[in-house]
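Student: Please find the sequence and the predicted model below.
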Amino acid sequence: MSYLLGSVGGVTSSQNPTARADELREAIEHHNRRYHELDDPEISDADYDALVRELRAIEEQHPELATPDSPTQAVGSAPSALFAPVEHRVPMMSLDNAFSFDELLAWGKRMERYISGEVAYACELKIDGVAMSLLYEGGELVRAGTRGDGRVGEDVTANVRTVGVIPHRLQGDHVPAAVEVRGEVYMPTASFRELNRRQEADGGRLFANPRNAGAGSLRQKDASITAGRNLAFWAYQLGALEGAPRFERHSESLAAVASWGLPINPEATVVASLDEVHAFCERWLQHRHDLDYEIDGVVVKVDSIAQQRELGSTSKAPRWAIAYKFPPEERQTKLRSIMVSIGRTGKATPFAMLEPVFVGGSTVGVATLHNEDMVARKDVRPGDTVIVRKAGDVIPEVVGPVLALRPEGLEPWQFPDTCSVCQGPLVRLEGESDTFCTNLDCPSQRAGRIEHFASRGAMDIEGFGEQRAHLFTQRGLLGDVGDIYRLTRESFDGLDGFGDVSIANLLQAVEASKSRPLPNLLIGLNIRHLGVTGSRLLARAFGHLDRIMAATAEELAAVEGVGPKIATSVHEFFASEHNRKVIDKLRDAGLNFTGPVAPDVAQTLAGMSVVVTGTLEGWSREEAEEAVKARGGKSPGSVSKKTTAVVVGESPGAAKVTKADELGVPVLDEAGFAHLLETGELPGQPDEPGEPAPDITQP
Ligand code: IVH
């Protein structure tokens, strides 16, 4: 049976609630097993939650359909036979969920009406790991059990003993005679990445996310495997407690747990109002990716134990706590097809065409698959149900297929051997991971090359962007970059959207580009492996394009900083008859072949590190980064204590801005960036030492 969520949303439930409730129960039990026992869920948490919510809604509308063994009444899944059973002294309960602030506030208000007195709330991060109960007797760790069905879990003591942050013996003067400390075993994201890197190198199974990796690592028969997985733990709740004074507040109990030597999450805090609870949730919704571990929400608990008692529990969850769940960053959807796009270098990049799905704050319909090996490694096939992930400002990614939902007879995807645009051959050289369309005349490549030639980092032809480059190429106005300089007023006859003024402006911009210095021309020619630095070095060493064209590969490679790979590529480029013809056109048009005309750029940013995030008006991200590097600075992809400034454009990466904020790194807008490039100083930076720096952050 397939448990695909075609009917999530409950369309069928109103038609036949009995049948739908049965269907949902069976599906939920199936997914419980996949998640809790097999550590290999078939559906995302968000899709699972939707099933449970739908079943709960049916049971509320039709109480006669509610059964005592319904999964809405149970916690987790029965323990597997892999490990010995362990009975919890106090059952491990689950939590009710709130999927929006409104639901969270409604819970809070309901509760405040019910109980007497002021309510203080303990706000904690909801760690996305595996719930664990640690039993200490006489201060010694004697047993560690998973949650299981809440009453009986699995004995994973040997494995848990390998988790470095979990003490085998409690410390301090007030250690209770017996105590169950509950918390979450998790895998830090850095360890997860490292583990997947190792798995990939060894040809092993890749884990979809840190939770699955953590759960899989914990539930090993061989504890030495767990030991190598760098798991960690946060404690967040007490179970049974004997031989110790009762605590009056949950927060006090956690402070005691910390004093016994167990790790308590440092972000936990107690607040006095629902407004502050709301603010805590908002804050962590924004900052979740700044952490070194995954969280999937916030847990809010009534801090007073007396009030907790007043509220009590249902069979499954306490009424005094709730989990506010963040909107999902992983969803599943259908992979409709895999297409291949051809870039300006001819690189053929496969990408996934997806049934659009709302994930991580936007609708995702396409996602790159990078290259042939990536498709093979992920083994995604058109027709598969796939997991799509979009976290923070990271580009959307196809994590992998849901194998259990793969229709029968689905064939692995084959990389095409011809280009879909020009029908020329697609070639993958031995030892390389990329595949190329080798037909230099391919319209897709041609348009890409022309667009690149005109771009800001190259010949900087104003008004000659992607759309126009592709339009003019399609209309046959341009065959290669040399044709740009053969455009006349008449070339645009019959082209919609081109008035006298825009044509004049465009021709003027084309004319102006003729004087760009040699490095720009070299960059614009789109020679494989030759980037900004190499172009500058060659221009400086040879001074004229003709001398570069006449040089042997060895002579080119002799330039300090130009390796044999670049040298060979440059030499081959100019050996091509086709390319020489293009150069002749440029020569005839009177382009500047010399340089660098402009003096070397002043090294204003030497020793500085400037991170660029978001879209700037006047620069592409690459250009902005290049501008930093050209001035002697570094432009890494992430913010750290060493970052001099973060340049923020439209739609910046929230995590970067937040990190800058936290570390006190200055945030610059585009004007501030221009100032920094020119002067090497932060805008408004005081001349006199000691003067307070003005606020230069973006509004
Ligand atoms: S308290 C009776 N606090 O979320 C209260 N749970 O969906 C028991 N979780 O089973 C849980 N972080 O595995 C609590 N700070 C936190 C948590 C947390 C993660 C997990 C835990 C629990 C599940 C409920």
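Tutor: Cool, the structure landed. Note that the coordinates shown come from a computational prediction; the quantities given were computed from them, not determined experimentally.

Student: Over in the stretch 251-400 of the chain, which residue gets nearest the ligand? Let me know.
Tutor: Relative to the ligand, the nearest point of the stretch 251-400 of the chain is Val299 (3.9 Å; CB to the nearest ligand atom). Every residue, glycine included, has its C-beta placed from N, CA and C.

Student: Got the phi and psi for the closest residue to the ligand within the stretch 101-250 of the chain?
Tutor: Distances from the stretch 101-250 of the chain to the ligand, computed as CB to the nearest ligand atom, single out Ala131 as the nearest residue at 3.2 Å. In this entry, Ala131 is assigned phi and psi values of phi -70, psi 140 (degrees, to the nearest 10).

Student: Leaving out chain neighbours, which residue sits closest to it?
Tutor: If the residues on either side of it in the chain are set aside, Ala131 comes closest to Arg147, at 4.3 Å by CB to CB, 6 or more residues apart in numbering.

Student: cool, Arg516 as well?
Tutor: Met459 (5.3 Å).

Student: ok, what's across the strand from the residue of the stretch 101-250 of the chain closest to the ligand?
Tutor: Per DSSP bridges, residues listed as beta-bridge partners of Ala131: Glu184.

Student: can you pull the pLDDT of it?
Tutor: Model confidence at Ala131, given as pLDDT, is 97.

Student: my read: it touches Glu184, true?
Tutor: Yes: with contact defined as CB atoms under 8 Å, Ala131 reaches Glu184; the gap is 6.1 Å.

Student: other SSEs contacting the least confident helix or strand in the chain by mean pLDDT?
Tutor: When the helices and strands of the chain are compared on mean pLDDT, DSSP states H and E, helix 621-630 comes out lowest with a mean of 81. Secondary-structure packing of helix 621-630 (3 or more CB pairs under 8 Å, 6 or more residues apart in numbering; DSSP states H and E): helix 532-542, strand 610-613, helix 670-679.

Student: Quick one, which of the ones you listed gets closest to Lys585.
Tutor: Ranking those by distance to Lys585, with CB to CB as the measure, places helix 532-542 first at 19.9 Å.

Student: for the closest one, packing partners?
Tutor: Under the contact criterion of 3+ CB pairs under 8 Å, 6+ apart, helix 532-542 touches helix 518-524, helix 545-550, helix 621-630.

Student: would you list these in CSV and tack on mean neighbour count?
Tutor: Rendered in CSV, the data for the helices and strands packed on helix 532-542 read as follows (neighbours: other CB atoms under 10 Å):
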stretch, mean neighbour count
helix 518-524, 25
helix 545-550, 17
helix 621-630, 19
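
Student: can you give me the end-to-end distance of stretch 203-220?
Tutor: Between the opening and closing residues of stretch 203-220 we find a distance of 19 Å, counting by CA to CA, to the nearest Å.

Student: Can you point out the buried residues in it?
Tutor: Within stretch 203-220, the residues that count as buried by 16 or more other CB atoms under 10 Å are 207-220.

Student: Write down the beta-bridge partners of the nearest residue to Leu429 once chain neighbours are set aside, one by one.
Tutor: The shortest distance from Leu429 to any residue other than its chain neighbours is 7.9 Å, reached at Phe436 (CB to CB, 6+ apart). Bridge pairing for Phe436 (DSSP bridges) gives the partners Lys347, Val427.

Student: Assumed Val340 was part of a helix.
Tutor: No: judged by DSSP: H, G, I helix; E, B strand; the rest coil, Val340 forms no part of a helix; its state is strand.

Student: Tell me which stretches of the stretch 351-500 of the chain form helices.
Tutor: For the stretch 351-500 of the chain, applying DSSP state H, counting those that start in this stretch gives helices covering 372-378, 443-454, 466-474, 500-513.

Student: Report the inter-axis angle for the third one versus helix 443-454.
Tutor: In this case it means helix 466-474. Using axes from the mean of the first three to the mean of the last three CA atoms, to 10 degrees, the interaxial angle of helix 466-474 with respect to helix 443-454 works out to 130 degrees.

Student: can you list contacts of helix 466-474?
Tutor: Helix 466-474 has contacts (CB atoms under 8 Å, 6 or more residues apart in numbering) with Pro443, Arg446, Ala447, Gly448, Ile450, Glu451, Ala454, Leu478, Gly479, Leu487, Leu495, Leu506.

Student: One more: stretch 145-157?
Tutor: Under CB under 8 Å, 6+ apart, the answer for stretch 145-157 is 36, 74-80, 82-88, 91-94, 130-133, 135, 141-144, 218-219, 316.

Student: Check the burial of Leu105 by counting its neighbours.
Tutor: Under the neighbour criterion other CB atoms under 10 Å, Leu105 is assigned a count of 17.

Student: so it makes contact with His278?
Tutor: Yes: counting by CB under 8 Å, Leu105 sits close enough to His278 to count as a contact (6.8 Å).

Student: Which residues are in contact with Phe233?
Tutor: Each residue near Phe233 by CB under 8 Å, 6+ apart is listed here: Met132, Val163, Val165, Ile166, Gly183, Glu184, Val185, Tyr186, Leu262, Pro263.

Student: Where does Arg587 fall, secondary structure wise?
Tutor: Using DSSP states H and E, Arg587 maps to helix 577-588.

Student: and that helix, how far out from the chain's middle?
Tutor: Put simply, helix 577-588 sits 44 Å off its chain's centre (CA atoms, centre = their mean, to the nearest Å).

Student: Give me the mean pLDDT for it.
Tutor: Looking at helix 577-588 alone, the average pLDDT works out to 95.

Student: what residues does the stretch 151-300 of the chain put near the ligand?
Tutor: Glu184, Tyr236, Gln237, Val299 (CB under 6 Å from any ligand atom).

Student: and if we set it to 8 Å?
Tutor: Counting by CB under 8 Å from any ligand atom, the stretch 151-300 of the chain comes close to the ligand at Arg182, Gly183, Glu184, Trp234, Tyr236, Gln237, Asn265, Ala268, Ile295, Asp296, Val299.

Student: Pro176: what's it in contact with?
Tutor: Counting by CB under 8 Å, 6+ apart, Pro176 has contacts Tyr136, Leu241, Glu242, Gly243, Ala244.
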